[in-house]
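In: Show me how the following folds:
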Amino acid sequence: MMRWLVCLVWLFATPTYGQNASLIFTDEDAKALKTEMLAKADKDVRVFFAENFGRNIENPIALIGTSDPSLLNEHLFKALKEMGRRQRPSPVDVGKLCYEKLIGAAANRPYTVMCWLRPKAYDRRWLASIEQRLPPILAHEFTHQLQYHLANDAPP
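Out: Take a look at the predicted model:
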């Protein structure tokens, strides 16, 4: 309960600089922890781009994060459907994205997908190790989203 209270205070008490948060989709296993981690990385990256470059994205972006590659395309399908966007003509290549790196990521309009190796336990130790790596990777993917935004490349 206390974690949710802290999360809510953090989400509403920190400056937003006009940016919208991503719509987050993740697995049911440790969903609260993964959602909190992805939301924090998303917000940190958006604040960084707003403060340092004066740039933000108004369009909604789906941020899909998973440690189960078999669910990545299912989450993406759900996200695009919920956003009223057309589905991908082919699934994301999870073999290439999820098994070759500690954290794999890819961006396309209007989504960013991320996957990481399944830990033995979703605990604070795991969170501390992945929280360090996640923002720089997400910042790279956010740059692609910003390119789509600046080019007015909005998907149907």
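
In: Please determine how far the residue nearest the centre of the chain is located from G54.
Out: In the chain, the residue lying closest to the centroid (Cα atoms, centre = their mean) is L63, at 3.2 Å. Going from L63 to G54 by Cβ to Cβ, to the nearest Å gives 22 Å. Just so you know, the C-beta spots here come from the backbone N, C-alpha and C atoms, and that holds for glycine as well.

In: Mind listing what's buried along the lengthiest helix in the chain?
Out: As assigned by DSSP state H, the longest helix anywhere in the chain is helix 124-150. Within helix 124-150, the residues scored as buried using 16 or more other Cβ atoms under 10 Å are 126-127, 130, 134-135, 137-138, 141-142, 145-146, 148-149.

In: Show me the helices in this protein, by range?
Out: Under DSSP H, the chain gives helices at 2-13, 31-53, 69-82, 94-98, 124-150.

In: where's the residue lying closest to L63 once chain neighbours are set aside relative to L146, distance?
Out: Sequence neighbours aside, S22 is the residue nearest to L63 in space, at 3.8 Å (criterion: Cβ to Cβ, 6 or more residues apart in numbering). S22 sits 13 Å away from L146, going by Cβ to Cβ.

In: rewinding a little: out of the helices of the chain, nearest to R109?
Out: Of all the helices of the chain, it is helix 124-150 that lies closest to R109, at 4.5 Å by Cβ to Cβ.

In: Which elements pack onto the closest one?
Out: Helices and strands touching helix 124-150, by 3 or more Cβ pairs under 8 Å, 6 or more residues apart in numbering; DSSP states H and E, are helix 31-53, strand 103-108, strand 111-116.

In: So for K120, what's the pLDDT?
Out: For K120, the pLDDT comes out at 87.

In: give me the number of residues near it?
Out: Close neighbours of K120, defined as other Cβ atoms under 10 Å, add up to 7.

In: Then P69?
Out: P69: 19 neighbours (other Cβ under 10 Å).

In: That one: what's it in contact with?
Out: V94, G95, L97, C98, Y99, C115 (Cβ atoms under 8 Å, 6 or more residues apart in numbering).
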